[in-house]
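A.B. asks: Curious how this folds, go ahead:
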Amino acid sequence: MTPLGYILLPVGLAGLVLSTKWLYRLFVFWTLFSASAAVNIGEGDNGSALQVWMFFAFLWLLRLFLERLSTLSFAIDRRVLHPCLWLIGFLAVASVSLLMPVYINGRLVIDSPFLGDTAETPLYLTLHNVTQLLYLIFGGIVAICVAHSNLRNDERHETERVIMISAIFVSAWGLLQFVCNVTGAPYPDFIFNNSGSASAKGFMQTLDTGVSRISSTTVEPSVLAQCLITLLPLTLPAWQRRGSVLSVPIDRGATVFFVLLLILSTSSTAYLGLFILGVLYVVLLLRTRAITKGKAILISAFATVAVVGMVATAVSSIPFVSEVVNSVLLSKSTSGSGLERLMTIGLAYGYFQQYPILGIGWGSATSHDLIVKLLSNVGIIGALTFLATMLSVMRANWRGLNADVLPSSLSRSAWLLALTVFLFTSILIEFPLVFGNFWLVLGMAIAISCTADREYERKPRLKP
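C.D. replies: This is a model prediction of the structure:
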């Protein structure tokens, strides 16, 4: 157990005995701390970790189970039954897909996903497959329980406040890391970057130019970028004076703070994600009639010219910026990281072509993207089921969008944007099944979709 684990263990046990609400709050707060471990298992390349969010989520689920057991009530709330059944269907397909390694029984050779490593391994069902499936099922259960815990406006607002505070703290810690990198002061990685997993050493990454990168409390800069981009939508209503999570000044300050950290992260996911979020936000404003089409075109054109102008000026006049842009974006496709990503996608797609129906079994293929990862691991059936799950949630929320400033409307807009941006960025950096923020975002999007269809039937139809 890590020192952080020893500190949080009595807190978790106290919550298990005394308060479901506090266990839930602790789980929500720690979902952005993917590099923080309560327990480390093994060392080096074989090391793994029990993340702090998993520790609190497990205790929270245990207490919920005991509460349900006392009343013998385990039914899914009918208001969120439809999307939850789709999610359960995807988990079922992933479970069935583990029959594929048994069926293949070594006839397929899996190439190493690491560039320059020529190792080959015959495919058999291993403990790794089972572990990866358990991660997936655990996350799915968390998402369903998050949805059940946020069916009321006050519950959703409480969750939004906690996750916003967490994101602000993570950003502040990232800024501390940046200051340490610039000044040469020792960075206290032993506090929140204590995971024993080899993939959680992103705080040690540097660009080819020698610039140290920022990962804050997450496993790597791209994951930090995804966390902040998906929570930016919570801060946007404050700029329209349509509501706030903490307060209008704090939410606006959080927007600036998050964008600053995204820029400093030197992550291509951050820069592309900001572009994707901007496009989707304009579409959402059109859907809710917050702006006209003419104004949307004008804003988009102005923003594009302004951003391109600032970037071009900075690249041409500031050598440091030029080096970072070249290292992060322009040289990405020919860098070791970029080539390795392309290699894993190509290998995984080859496995899918050989076993297209159920893939080669969940956790068998590595692919640094979302789509090919699903196709290779759970085949067409699993990929379509996952897509149907996401579309069922997004469609319900899209239909329920309107120009109201009610808490439910603001939450719906924010979490629909968050889920959509999360999925788009996951195409770039893989499906984050072992991180809590995806399951929290999905659960919140499911929760707010529960009234969307009824509101859709009661209001005049909006043109897309």
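
A.B. asks: Can you classify the residue nearest to M1 when sequence neighbours are not counted as helix, strand or coil?
C.D. replies: Spatial nearest neighbour of M1, excluding adjacent residues (Cβ to Cβ, 6 or more residues apart in numbering): V39 at 5.1 Å. To be clear about C-beta, it is placed using only N, CA and C from the backbone, and glycine gets the same treatment. Under DSSP: H, G, I helix; E, B strand; the rest coil, V39 falls in the strand class.

A.B. asks: Quick check: V39 vs F65, distance?
C.D. replies: Using Cβ to Cβ, to the nearest Å, one gets 21 Å for the distance from V39 to F65.

A.B. asks: With W173 instead?
C.D. replies: 33 Å.

A.B. asks: Where does the prediction get shaky in the stretch 251-400 of the chain?
C.D. replies: Flagging of the stretch 251-400 of the chain using pLDDT under 70 yields the residue ranges 296, 299-338.

A.B. asks: got the residue ranges for the helices in it?
C.D. replies: Using DSSP state H, counting those that start in this stretch, the helices assigned to the stretch 251-400 of the chain run over residues 268-287, 293-317, 319-325, 336-354, 371-400.

A.B. asks: Let me have the ones you listed in a markdown table, extended by distance to S19 and mean neighbour count.
C.D. replies: Shown next, in a markdown table, are these (distance: least, Cβ to Cβ, whole Å; neighbours: other Cβ atoms under 10 Å):
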| stretch | distance to S19 | mean neighbour count |
| --- | --- | --- |
| helix 268-287 | 35 | 18 |
| helix 293-317 | 45 | 11 |
| helix 319-325 | 46 | 15 |
| helix 336-354 | 43 | 17 |
| helix 371-400 | 29 | 21 |
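
A.B. asks: on that earlier part again, who has more neighbours, W173 and F65?
C.D. replies: W173 (24 against 13; other Cβ atoms under 10 Å).

A.B. asks: Between its first and last residues, how far does stretch 204-222 reach?
C.D. replies: Stretch 204-222 stretches 13 Å from its first residue to its last (Cα to Cα, to the nearest Å).

A.B. asks: So for it, what gets flagged as buried?
C.D. replies: 205, 207, 211-222 (16 or more other Cβ atoms under 10 Å).

A.B. asks: how about the helices of the stretch 251-400 of the chain, which one is nearest S70?
C.D. replies: helix 371-400 (30.5 Å; Cβ to Cβ).

A.B. asks: I'd like to know which elements the one helix or strand G5 maps to is packed against.
C.D. replies: Here G5 sits within helix 3-18, counting by DSSP states H and E. On a contact count with 3 or more Cβ pairs under 8 Å, 6 or more residues apart in numbering; DSSP states H and E, helix 3-18 meets helix 20-30, strand 37-41, helix 52-71, helix 189-192.

A.B. asks: which one of those is the most hemmed in?
C.D. replies: Mean neighbours per residue, mean count of other Cβ atoms under 10 Å, is largest over the helices and strands packed on helix 3-18 for helix 20-30, with a mean of 21.

A.B. asks: Just the pLDDT for P101.
C.D. replies: Looking at P101, its pLDDT is 93.

A.B. asks: if we can go back for a sec, so the residue nearest to M1 versus F386, what's the distance?
C.D. replies: Distance from V39 to F386, by Cβ to Cβ: 30 Å.

A.B. asks: which residues touch L358?
C.D. replies: By Cβ atoms under 8 Å, 6 or more residues apart in numbering, the contact list for L358 reads V93, V96, S97, L99, M100, V378, G379, I381, G382.

A.B. asks: for M54, same thing?
C.D. replies: A38, F138, G436.

A.B. asks: Is the last one in contact with T31, as I believe?
C.D. replies: This means G436. Yes. Applying Cβ atoms under 8 Å, one finds G436 in contact with T31, separated by 3.4 Å.

A.B. asks: Please enumerate the shared neighbours of these two.
C.D. replies: Contacts common to G436 and T31, judged by Cβ under 8 Å, 6+ apart, are W53.

A.B. asks: Give me the distance between the nearest residue to A383 once chain neighbours are set aside and M100.
C.D. replies: Nearest residue to A383 in three dimensions, chain neighbours excluded: L374, at 4.1 Å (Cβ to Cβ, 6+ apart). To M100, L374 is 14 Å away according to Cβ to Cβ.

A.B. asks: ditto for L391
C.D. replies: 25 Å.

A.B. asks: repeat for E67
C.D. replies: E67 sits 38 Å away from M100, taking Cβ to Cβ as the criterion.

A.B. asks: Then M444?
C.D. replies: Distance from M444 to M100, by Cβ to Cβ: 33 Å.

A.B. asks: These two: which has the busier surroundings?
C.D. replies: For M444 and M100, the more surrounded residue by other Cβ under 10 Å is M444, and the numbers stand at 29 against 24.

A.B. asks: Measure how buried the closest residue to the more buried one other than its chain neighbours is and give me the count.
C.D. replies: Closest residue to M444 apart from its sequence neighbours, by Cβ to Cβ, 6+ apart: W415 at 4.6 Å. If you count neighbours by other Cβ under 10 Å, W415 ends up with 29.

A.B. asks: Mind checking what secondary structure T121 has?
C.D. replies: Going by three-state DSSP: T121 is strand.

A.B. asks: ok, it touching I110?
C.D. replies: Yes. T121 lies in contact with I110 (Cβ under 8 Å); the separation is 4.9 Å.

A.B. asks: more neighbours, the two?
C.D. replies: Per other Cβ under 10 Å, whichever of T121 and I110 has more neighbours is I110, with 18 against 12.

A.B. asks: Please list all residues in contact with the more buried one.
C.D. replies: I110 makes contact with E120, T121, P122, L123, Y351, S364, A365, according to Cβ under 8 Å, 6+ apart.

A.B. asks: Is it correct that it falls within a helix?
C.D. replies: No. Using three-state DSSP, the assignment for I110 is strand, not a helix.

A.B. asks: Need the per-residue pLDDT for it.
C.D. replies: Listed pLDDT for I110 reads 88.

A.B. asks: Quick check: the gap between it and L16.
C.D. replies: Counting by Cβ to Cβ - I110 and L16 are separated by 40 Å.

A.B. asks: do the same with G47
C.D. replies: G47 sits 27 Å away from L16, going by Cβ to Cβ.

A.B. asks: Shouldn't I165 be within a strand?
C.D. replies: No. Going by three-state DSSP, the assignment for I165 is helix, not a strand.

A.B. asks: which residues touch the closest residue to it other than its chain neighbours?
C.D. replies: Nearest non-adjacent residue to I165, counting by Cβ to Cβ, 6+ apart: F29, 7.1 Å away. Going by Cβ under 8 Å, 6+ apart, F29 touches V162, I163, I165, S166.

A.B. asks: Let me see the contact set for I191.
C.D. replies: Contact analysis of I191 by Cβ under 8 Å, 6+ apart lists L4.
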